[in-house]
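Undergrad: Just to be clear, the model below is a prediction. Sequence and coordinates:
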Amino acid sequence: MIVLDQENKLITLHTKNTTYQMKVWDYNILLHAYYGPRISGGDLSYLLRCKDRGFSPNPSEAGVDRTFSLDTFPQEYSTCGVGDFRLPSIELELPCGSRTADLRYVDSQVRRGKYSLDGLPAFHGSEGEWETLSITLTDAAAQVDVELLYGVLEEYDVITRAVRVVNRGGSAIRLCSCASLCLDFIRSDLDMITFNGAHVMERCPSRVPLHPGIQGVGSVRGASSHQHNPFVILCGRDADEDHGLCYGAMLLYSGNFQAVAEVDQFENARLVMGINPYQFSWTLEPGEAFTAPEAALVCSPSGFGPMSRQFHRGIRRSLIRDPWGDRRKPVLINHWEATEMYFDADKLAAIAQEAAPLGMELFVMDDGWFGARNDDNAGLGDWFVNEKKLPGGLEALVSRIKGMGLEFGIWIEPEMVNEDSDLYRAHPDWALNVPGRGLSRGRNQLVLDFSRQEVRDHVYGQIKAALSGAGISYIKWDMNRSLTEVWSAALPPERQGEVYHRYVLGVYEFAQRLRADFPDVLIEGCCGGGGRFDGGMLYYTPQIWCSDNTDAIDRLRIQYGTSFCYPVSTMGAHVSAVPNGVTGRITPMETRGVVAMSGTFGYEMDLSKCTTEEKETVRRQTAFFKEHYELIQDGDYYRLSDPFRNGPYTAWEHVSPDRREALASLVTGPFRGAPPFLTLRLKGLDPSLRYRVNGGDSWPGDVLMEVGIPLPILTGDYQALQFYVKAE
Ligand code: GLA
C-alpha cells in the first residue's frame, strides 16, 4: 500500500511486514525517514533532527539557519557537490563543466500495477499485486528531471526501485554516475554481507561490521562477475537465520555494478547500489532520458531466512517470466564434463541412449558442435553445424535423440569470437579493441562489440538460422571471459563511457529476441559457471548454471551462498563423475544426487560408464526428484546449517507452502572417530501437526523443530541423508 499524505508531506510504502517512509522537507528536499518493520502509520520524521554541525554547509535558501544541512540528513537520493559530502547517487556534468546535481521534490503519483523499464529487466506482475509510486525531482539550474520509481509487491515485502533521468534543457549534459538505489540509515551498528568468490567458487558469504568510511563490492569485468554478486545484505550485529533486522538489496543488472556502504561522521550509514561509475558516462541530448537498472529490496525483521524466502517467492512469482513461472523444467543430461569438445554424433548418442531409461528428459549438446570448434582456440562466431562431427546436421542428431525419448538442447556463446573463425576474418573490427593497442585474450577468445546493432544482428541471424526448425527445446547461453579494451568503433570519443552499459543493453536485447522467436525454449544462463548469476539475467533465463565446480562438497557452499537471494529453481546443478574434475574429490553418487536435486537437477557425465548399481541410484534419484518436484522447486527454503562453519553436517530443507510436507537433506563432513549422537532440527513445520518421517516413525511438529530427528552414525566421508516428512 502506498500512502501520499499531502498535508504532512509524507510518502509511505507499506508491505505485509515492512514500512518505508519519505518526507518532503524544507526547500523541497526529499529525506528518507524510515525503513524497517511494519508500523501502523504516523509521521516518523521526528527521527530527522536538525543541529548546527561544524563544516556541514547549509543550502542557500536556508539563509542564516545553520541547522539544516544536506550533510547531516538522511537523503532519499543523494546529490553531488551541493553540501552532502557522502556517497552521491548521481553526478551530472553540466554544459559549463560543473559536476553538481541538486534535486528538489516536484510531485509524486501512485498507480496500480508495476512500472516497466524500456530495454531493461524488471519485476512485473498484475495490477492486483503491484503498486507503483513515481516521484519527480528536478534540478532547476541544470534543467534535469529525475524520476524515482518504486514498485511495491506487498505480499512478498519486495520494494523495487529504478531511476529515470531526463534532460529538459537545450544543451547536452553528461551523466557521470546514476545509482539505482540510495538507502540511508540513522544508525551504523550494522554488518554488511557480500557474496564473493572466483571462477569455480562463487558467492561465498563474507560478513564484516560497517566501519567509518567507505566499503563495498563491485565488478569492472563487464559481467556481474564470479568475484562479487550484485546482492548485498545490511543487518543488525545480532542478526542470524531466524532473528534480527536485515535488509537485502539486489540489483537487476548483468554488467559493471557497485554496492557500497559508507559510515559518516555522525554514525549514520548509507548504501548506494547501481551501475559502477568506473569508466561510465552517458551523454543526454536535449529531451533524452537515461534509465538506471532496477534494484529490489526486502527487509526482514526476523533474520535472513524470512528475507531469503521473500526474495525467492518474489523472484519466482514476479521476475521469472512465462511460460517458466509455472512450467515444469526437465531433468537434463549434459555431456560437457564427459567429452568436452571431443565428440561426434555417435558418442553423443551413446550417452543419450542411457538417459531416458534413467529418468532424464532432455539431452544438452554443449560446446563444440559448430564451425571449426575442435578445441577452445577456434570456431566461436561461426554458428553453423560442423558436419564432420554431426553428419546430416542438427536435424539428423535431434531426430535421433528424440527417438530415444529425450528433448534436445544446445549450447551457444553469442558474445564471443575466436581470431581463428570466419566471422573474425571477415570483421576483425567487430571485436572490442582500443585503436593502437594489443588485444587481451581470455580463453584465447575475444569479445564481440555487443553495443553495436549490426554485430548483434549478424550473430543473431546465424544462430536463429541454425536453430530454427531444428526442434530445440533448451538453449544454454554461455559467456566465457571478462571484457577488456572496452572501446567501440561505432561511438565518438565523448561517448566511449557508454560502451560497457550499451554492451549489457545489447545482451538484453539479444536475449529478448531469443525469447520472442523461441517462446517455448528454456534458456539457461551461464558465464564460465556462475559469473553472471544475477537478477538481470534471470528475467531472460529462468535458470543459471551455478558454477563450473560440480564437486558436491564445494557445491554445498556455493548453493548455500546463492540461496540468500536466489531460489533453488534458478540454480543450475548437476551430478558429475568422480574424482571431480575441479577438486579431485570422490563423493558417493547418493550425495552428489542429494546436492544437485536442490537445484534444477541434471547429470553431466558419461552414463554409459556407470555401473549397474550406479544406474540404479540415478534412476531412483530422478524418480524421487520428479515425485517431489513442486516441494523442492516451489517450496519454502530453509538453511538448517552453515557449511562454512565446518560442523558435522550441512543441512537444508524445503517446506510446502501449507506446511504439511517437507524434505530435509543433509550431507556429512569428513568422518572422525568417536562421533557424537546428533539430531537434525527442522524448521517451518506446523508445531501442532504430527509428521511421519520417511514413512516410518512419526513425531509432532514442535518435537521435530525443537528436538529433532535422531541421526544414525554414518561411517565414511560425505554421506547424505534425506528425510521426507508428511503431516498425518
Ligand atoms: C563454460 C561453461 C561450461 C561449458 C564450457 C564449454 O565453462 O560453464 O559448463 O559449457 O564453458 O566451453
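TA: Arrived safely. It should be emphasised that the depicted structure is a prediction, and the values quoted were computed from it without experimental measurement.

Undergrad: Please count neighbours and contacts with C-alpha atoms only from this point.
TA: Will do.

Undergrad: For the protein, what lies in contact range of the ligand?
TA: Asp366, Asp367, Cys526, Cys527, Gly528, Gly529, Asp548 (CA under 6 Å from any ligand atom).

Undergrad: Tell me who's in contact with the residue most central in space within the chain.
TA: For the chain, the residue nearest the mean C-alpha position is Asp534 (2.2 Å; CA atoms, centre = their mean). Shown in contact with Asp534 (CA atoms under 8 Å, 6 or more residues apart in numbering): Ser224, Asn229, Pro230, Leu251, Leu252, Tyr253, Ser254.

Undergrad: which residues does the nearest residue to the fourth one once chain neighbours are set aside contact?
TA: Looking back up the chat, that one is Leu251. Among residues not flanking Leu251 along the chain, Ala295 sits closest, at 4.3 Å (CA to CA, 6 or more residues apart in numbering). Listed by CA under 8 Å, 6+ apart, the contact set of Ala295 reads Thr160, Arg161, Ala162, Ser180, Leu181, Ala249, Met250, Leu251, Leu252, Met273, Gly274.

Undergrad: Need the pLDDT of Val646.
TA: One thing to correct before we go on: residue 646 is Asn, not Val. According to the prediction, Asn646 has pLDDT 87.

Undergrad: what does the one 10 residues further on give?
TA: Model confidence at Ser656, expressed as pLDDT, equals 98.

Undergrad: The one 10 residues further on too?
TA: For Leu666, the pLDDT comes out at 98.

Undergrad: give me the element it is part of.
TA: Using DSSP states H and E, Leu666 maps to strand 661-668.

Undergrad: After that strand, which helix or strand is next?
TA: Counting by DSSP H and E, the next helix or strand C-terminal to strand 661-668 is strand 679-680.

Undergrad: picking that back up, mind putting the contacts of Ala295 in a markdown table, secondary structure included?
TA: Output for the contacts of Ala295, formatted as a markdown table (DSSP: H, G, I helix; E, B strand; the rest coil):
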| residue | secondary structure |
| --- | --- |
| Thr160 | strand |
| Arg161 | strand |
| Ala162 | strand |
| Ser180 | strand |
| Leu181 | strand |
| Ala249 | strand |
| Met250 | strand |
| Leu251 | strand |
| Leu252 | coil |
| Met273 | strand |
| Gly274 | strand |
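
Undergrad: And those, which is closest to the ligand?
TA: Ranked by distance to the ligand (CA to the nearest ligand atom), these are led by Leu252 at 21.0 Å.

Undergrad: and that closest one, how far is that from Arg164?
TA: Distance of Leu252 to Arg164, computed by CA to CA, to the nearest Å: 15 Å.

Undergrad: How many residues are close by the residue of the stretch 301-450 of the chain found nearest the ligand?
TA: Nearest residue of the stretch 301-450 of the chain to the ligand (CA to the nearest ligand atom) works out as Asp367 at 4.7 Å. Residue crowding around Asp367 was assessed by other CA atoms under 10 Å; the count is 23.

Undergrad: cool, Asp375 as well?
TA: Close neighbours of Asp375, defined as other CA under 10 Å, add up to 12.

Undergrad: Give me the pLDDT for Leu137.
TA: Looking at Leu137, its pLDDT reads 98.

Undergrad: again, but for the one 5 residues further on
TA: pLDDT for Ala142: 96.

Undergrad: cool, and Leu47?
TA: The per-residue pLDDT reported for Leu47 equals 95.

Undergrad: quick one: contacts for it?
TA: Contacts of Leu47 by CA under 8 Å, 6+ apart are Ala33.

Undergrad: Distance of it relative to Arg237?
TA: Distance, Leu47 to Arg237, using CA to CA: 21 Å.

Undergrad: Isn't Ser134 up against Val106?
TA: No - using CA atoms under 8 Å, Ser134 makes no contact with Val106, being 10.8 Å away.

Undergrad: follow-up on the earlier one: relative to Leu153, which of the contacts of Ala295 is nearest.
TA: Thr160 (8.2 Å; CA to CA).

Undergrad: what sits against the residue of the stretch 301-450 of the chain closest to the ligand?
TA: Counted by CA under 8 Å, 6+ apart, Asp367 has contacts Trp336, Glu340, Met341, Trp411, Ile412.

Undergrad: Likewise for Glu509?
TA: Counting by CA under 8 Å, 6+ apart, Glu509 makes contact with Gly119.

Undergrad: What's the per-residue pLDDT of it here?
TA: Listed pLDDT for Glu509 reads 98.

Undergrad: That one belongs to a helix?
TA: Yes - counting by three-state DSSP, Glu509 is part of a helix.

Undergrad: and it, how far is that from Val707?
TA: Taking CA to CA, one finds Glu509 at 52 Å from Val707.

Undergrad: where does the stretch 551-700 of the chain have low pLDDT?
TA: Scanning the stretch 551-700 of the chain for pLDDT under 70 picks out nothing.

Undergrad: how about the helices in it?
TA: Applying DSSP state H, counting those that start in this stretch to the stretch 551-700 of the chain gives helices spanning 552-562, 589-596, 612-627, 629-634.

Undergrad: Repeat that for the chain.
TA: 304-318, 336-339, 345-355, 393-403, 422-426, 453-467, 499-517, 535-538, 552-562, 589-596, 612-627, 629-634, 701-706 (DSSP state H).

Undergrad: Let me know which of those is the nearest to Gln719.
TA: helix 589-596 (6.0 Å).

Undergrad: returning to what we had before: per-residue confidence for the residue of the stretch 301-450 of the chain closest to the ligand?
TA: 98.

Undergrad: re earlier: need the helices of the stretch 551-700 of the chain in TSV (columns: mean neighbour count).
TA: Shown next, in TSV, are these (neighbours: other CA atoms under 10 Å):
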stretch	mean neighbour count
helix 552-562	24
helix 589-596	23
helix 612-627	16
helix 629-634	20
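
Undergrad: Mind checking the ones you listed for the one nearest to Thr715?
TA: Closest of the helices of the stretch 551-700 of the chain to Thr715 is helix 589-596, at 13.5 Å (criterion: CA to CA).

Undergrad: Pull the distance from the closest one to the chain's centre.
TA: 24 Å (CA atoms, centre = their mean, to the nearest Å).

Undergrad: now that helix and helix 612-627, what's the angle there?
TA: With axes from the mean of the first three to the mean of the last three CA atoms, to 10 degrees applied, the angle from helix 589-596 to helix 612-627 works out at 30 degrees.

Undergrad: I'd like to know which elements helix 589-596 is packed against.
TA: If contacts are counted by 3 or more CA pairs under 8 Å, 6 or more residues apart in numbering; DSSP states H and E, helix 589-596 sits against helix 552-562, strand 574-576, helix 612-627, strand 720-727.
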